[in-house]
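> got a sequence here, can you model it:
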Amino acid sequence: MLALAVPGGITGSRADTKPVAPDNSGINVRDAQRDTATPENQSEKPADRDLTQKIRKAVVADDSLSMNAKNVKIITIDGMVTLRGPVNSDQERATIVAKATQLAGTGKVNNLLEVIPNKDASGANKSSKAGVAY
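So this is what the prediction gives:
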């Protein structure tokens, strides 16, 4: 057995830090509710699957979008599209909603995208949530 002595002891070990809760815990609780659309609710109707696929392709092809934005949930049920998940900015949210609206039609997009909190100049958290049909 090999022992290692460290003068002054060990500092900065994991034992010195507090565990950090995952930042999507509240979202997971919300998603467990039956009235919230999740990818499991995606319709298997060919028209709904095709629409979801077209929107996903348009989002993924846009190089101006972050990985967060490219990974949003797109759920289509009877022609109604629900967009959910985090994006990095209001601009990304608007871009994704515009693409979905162009493909699904006006009044067919339920925007539940959330701009993830980021710090402003004062150090305060800022976030923006949506819940608007387009």
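> tell me the buried residues in stretch 103-118?
103, 104, 108, 109, 110, 111, 112, 113, 114, 115, 116 (16 or more other CB atoms under 10 Å). For every residue, glycine as well, the C-beta is placed using N, CA and C.
> where does the fifth one land in three-state SS?
When you say that, I think you mean residue 110. What DSSP: H, G, I helix; E, B strand; the rest coil gives for residue 110 is strand.
> in the sheet, who's paired with it?
Residue 110 has these beta-bridge partners by DSSP bridges: residue 82, residue 133.
> isn't it right next to residue 80, touching?
Yes: with contact defined as CB atoms under 8 Å, residue 110 reaches residue 80; the gap is 6.6 Å.
> rewinding a little: export the buried residues of stretch 103-118 to CSV and tack on pLDDT?
Listed next are the buried residues of stretch 103-118 as CSV, based on pLDDT from 0 to 100:
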residue, pLDDT
103, 98
104, 97
108, 96
109, 96
110, 95
111, 96
112, 94
113, 95
114, 94
115, 95
116, 87
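> got the residues you listed as JSON lines, with distance to residue 53 columns?
Converted to JSON lines, the buried residues of stretch 103-118 look like this (distance: CB to CB, whole Å):
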{"residue": "103", "distance to residue 53": "10"}
{"residue": "104", "distance to residue 53": "12"}
{"residue": "108", "distance to residue 53": "16"}
{"residue": "109", "distance to residue 53": "16"}
{"residue": "110", "distance to residue 53": "18"}
{"residue": "111", "distance to residue 53": "19"}
{"residue": "112", "distance to residue 53": "20"}
{"residue": "113", "distance to residue 53": "19"}
{"residue": "114", "distance to residue 53": "23"}
{"residue": "115", "distance to residue 53": "25"}
{"residue": "116", "distance to residue 53": "26"}
